[in-house]
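Trainee: For reference, the sequence and a predicted model appear below.
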Amino acid sequence: MSIIGWIILGLLAGAIAKFLLPGRDPGGFIGTTVIGVAGAFIGGWISARFLDHPISKDFYDGTTWAAAIGGSFVLLVAYRILFGNSRD
């Protein structure tokens with residue numbers, strides 16, 4: 001998968017994570033993309049390192065999507081724990 005593919009995957013994973021965890025968090029297109037791409041990276045690393053399930057380079061692989069969405073979700077939860085009241 002190319003860099004553009006990972007950015008698109010990250011954007012969509014970030015949007016899905018924000019849908020699953022609605023509320024105030026880093027908003028906007030750029031914030032969603034950054035959280036999604038970082039979440040995809042972290043989720044993929046955790047999946048490959050600790051769950052012994054390497055991530056496929058195929059864009060339509062379910063494990064890749066689950067890892068990306070899970071990583072994005074974890075980043076959103078961490079952001080809210082660390083900076084939850086800073087946007088009030």
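Mentor: Great, that's in hand. From a predicted model like this one, the values you see are computed outputs, not experimental measurements. Numbers count the residues shown, from 1 in each chain.
Trainee: Tell me which other helices or strands the worst-scoring helix or strand of the chain on mean pLDDT touches.
Mentor: Every helix and strand of the chain was ranked by mean pLDDT, DSSP states H and E. The lowest is helix 28-49, at a mean of 78. Judged by 3 or more CB pairs under 8 Å, 6 or more residues apart in numbering; DSSP states H and E, the packing partners of helix 28-49 are helix 3-20, helix 62-83. Just so you know, the C-beta spots here come from the backbone N, C-alpha and C atoms, and that holds for glycine as well.
Trainee: what's the closest of those helices to A40?
Mentor: Comparison of the helices and strands packed on helix 28-49 against A40 by CB to CB identifies helix 62-83 as nearest, at 3.6 Å.
Trainee: what does that closest one contact?
Mentor: In this structure, residues lying in contact with helix 62-83 by CB atoms under 8 Å, 6 or more residues apart in numbering are 9-10, 13-14, 16-18, 20-21, 23, 25-26, 35-36, 38-44, 46-47, 53, 55-56, 58.
Trainee: Quick one: buried ones out of those residues?
Mentor: 9-10, 13-14, 16-18, 25-26, 35-36, 38-44, 47, 55 (16 or more other CB atoms under 10 Å).
Trainee: P22: what secondary structure?
Mentor: coil (DSSP: H, G, I helix; E, B strand; the rest coil).
Trainee: Got phi/psi on it?
Mentor: phi -70, psi 160 (degrees, to the nearest 10).
Trainee: Could you find the closest non-adjacent residue to the most centrally placed residue in the chain?
Mentor: Centroid check for the chain by CA atoms, centre = their mean gives S72 as the closest residue, at 2.5 Å. Ranked by CB to CB, 6 or more residues apart in numbering and with sequence neighbours excluded, the top spatial neighbour of S72 is G39, at 3.0 Å.
Trainee: Thought G14 was touching the one you found, still the case?
Mentor: Yes: using CB atoms under 8 Å, G39 makes contact with G14 at a distance of 6.5 Å.
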